[in-house]
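Participant: Would you be able to build a 3D model of this:
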Amino acid sequence: MQHEPGRLPAEHEVKHLGKIGIIANVAALRSIMQLASEFQIRDGEVLVLFANPDGSFTQFNDFQSIEACLEHADISITSDEKEMISRLEAMTVTERWIFWNKEFEKCIKCYACRAACPMCYCHRCTTDVNQPQWIPVASHELGNLDWHLMRAMHLAGRCVNCGECAKACPMDIPLNLLTYQLIEPILAGLGQPQE
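Facilitator: Take a look at the predicted model:
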């Protein structure tokens, strides 16, 4: 299939190219399983090569083998992230509100966080809807707060904790910590302990 130079094929074109191969780390494996649970990919549509810590690769041909691998995978956050979460949890509600508002003030609304997130795949994001205008387009105190809270709520229970949103942010906003903090109450509601 021919494509114009510099133009990525549309999603439907990609899906019709046949089986897709992915070289994955643990976060990518978790993304694949989350996308499968949301009916974005079907078992057998992807061939996954998992990069083992020793530099070798393991081939996964189905979701069951990916799930088996993830049962033993280390999905813990870094010690720096644990320390920051502890500091956030030690804050009063007012102090946390001030902290996050100060972080969101730095946002330039470049949407790098959205572009880097494997779970941000909506065909039309709420930020792109202009009738009605749910979230102001320009970087503004209220619009920034709206954007980040809406995104965090949309990812609640779906975030694979890859940290790509924070890594992509040119303003160094620790966005992954915001979504990570939502994991605990969700797991508690399901009766599961958090790692």
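Participant: so after the least confident helix or strand in the chain by mean pLDDT, what's the next helix or strand?
Facilitator: Using mean pLDDT, DSSP states H and E, the weakest-scoring helix or strand in the chain turns out to be helix 11-15, at a mean of 61. Using DSSP states H and E, the helix or strand that follows helix 11-15 in sequence is strand 20-24.
Participant: So in that sheet, which strands flank that following strand, and in what orientation?
Facilitator: Strand pairing for strand 20-24, using DSSP bridges, gives strand 46-51 (parallel).
Participant: and the next element down the chain from the strand it pairs with?
Facilitator: Counting by DSSP H and E, what follows strand 46-51 is strand 57-60.
Participant: buried ones in that following strand?
Facilitator: Buried residues in strand 57-60, counting neighbours by 16 or more other C-beta atoms under 10 Å, are found at F60. (Glycine included, C-beta is placed from N, CA and C.)
Participant: ditto for stretch 106-123
Facilitator: Neighbour-count burial for stretch 106-123, counted by 16+ other C-beta under 10 Å, picks out C107, Y111, A112, C113, R114, A116, C117, P118, M119, C120.
Participant: chain center to it, what's the gap?
Facilitator: 9 Å (C-alpha atoms, centre = their mean, to the nearest Å).
Participant: Kindly report the same for stretch 152-167.
Facilitator: With C-alpha atoms, centre = their mean, you get 4 Å for stretch 152-167.
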